[in-house]
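Asker: structure for the following, please:
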Amino acid sequence: MWAGVGLYDAPVTFRAVWLGGLVVALLAGCSQDDPPASTLPPLSVAPSPSAPSAEPVPTEAQAATPQGAAEFARFWFATLNDSAGDGDTQLLERISSPDCLACNGFTQSIGRLYAAGGRIEGGVFEVRAAEAPAIEPKVATARVTVVYDVTPSRQIAADGTVVRSVEALVGVDGDMRLTRQDGEWRVSELTV
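Answerer: Predicted coordinates:
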């Protein structure tokens, strides 16, 4: 449910994604000074099954294997969807490295919008494929190639004004760098 939530301030690598959809707004913009860009095209906010901060990382997404890394990437995007849908970024922050600029851009943009009484409609990331190459023993990193679609989205201000609209994105290719920390994966870098 996350689509172009002012992440136009994020790294240029993610900017392309959000501009094409929600990805461009969230991943492309991380600066707090810039106004939110075209974010979420008109869609309905998808309901969150439960508070993201209370959900544990699924066992299959914790494995230090290529399959575990790919499952973690899927889980990360599902958590991003939940965070964009209800404004709770606690779990997203926990599963992202503090050094991940794009991750910080997402959490900050979502936090600012919801703190100001706004919301996001649409912008749901749908991961079509996630694949990680073999992971060397004793290496605490993985690279996951992800292909996803993003539904149209709108970023709505507290007064109901549409701050940003973004059309759907289809077949976006991206990479995630994951690192192991405390026996779990963390996103350390996102590029598109």
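
Asker: and the helices in the chain?
Answerer: 12-19, 22-27, 66-86, 90-94, 101-115 (DSSP state H).

Asker: distance between the longest one and the chain's centre?
Answerer: In other words, helix 66-86. If you compare the mean C-alpha spot of helix 66-86 with that of the full chain, they lie 8 Å apart, counting by CA atoms, centre = their mean, to the nearest Å.

Asker: which parts of that helix are buried?
Answerer: Along helix 66-86, these residues count as buried under the neighbour rule (16 or more other CB atoms under 10 Å): 66, 68-86. For glycine as for every other residue, the C-beta is placed from the backbone atoms N, C-alpha and C.

Asker: show me what it is packed up against.
Answerer: Under the contact definition 3 or more CB pairs under 8 Å, 6 or more residues apart in numbering; DSSP states H and E, helix 66-86 sits against helix 22-27, helix 90-94, helix 101-115, strand 125-131, strand 141-150, strand 169-181, strand 184-191.

Asker: angle of that helix against strand 141-150?
Answerer: Orientation of helix 66-86 against strand 141-150 (axes from the mean of the first three to the mean of the last three CA atoms, to 10 degrees) gives an angle of 50 degrees.

Asker: need the CA coordinates for helix 66-86. PDB is fine.
Answerer: Included here for helix 66-86 are C-alpha records, laid out as PDB according to Å, rounded to 0.1, in the frame of the first residue of the first chain:
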ATOM      1  CA  PRO A  66      19.800 -18.000  -0.900                       C
ATOM      2  CA  GLN A  67      16.200 -19.100  -0.400                       C
ATOM      3  CA  GLY A  68      16.100 -17.400   3.000                       C
ATOM      4  CA  ALA A  69      17.500 -14.100   1.500                       C
ATOM      5  CA  ALA A  70      14.900 -14.200  -1.200                       C
ATOM      6  CA  GLU A  71      12.100 -14.800   1.300                       C
ATOM      7  CA  PHE A  72      13.400 -12.000   3.400                       C
ATOM      8  CA  ALA A  73      13.300  -9.700   0.400                       C
ATOM      9  CA  ARG A  74       9.600 -10.600  -0.100                       C
ATOM     10  CA  PHE A  75       8.900 -10.100   3.600                       C
ATOM     11  CA  TRP A  76      10.600  -6.700   3.500                       C
ATOM     12  CA  PHE A  77       8.400  -5.500   0.700                       C
ATOM     13  CA  ALA A  78       5.300  -6.800   2.500                       C
ATOM     14  CA  THR A  79       6.400  -4.900   5.600                       C
ATOM     15  CA  LEU A  80       6.800  -1.800   3.500                       C
ATOM     16  CA  ASN A  81       3.200  -2.200   2.300                       C
ATOM     17  CA  ASP A  82       2.000  -2.600   5.800                       C
ATOM     18  CA  SER A  83       3.900   0.500   7.000                       C
ATOM     19  CA  ALA A  84       2.600   2.600   4.100                       C
ATOM     20  CA  GLY A  85      -0.900   1.400   4.900                       C
ATOM     21  CA  ASP A  86      -1.000   2.300   8.500                       C
END
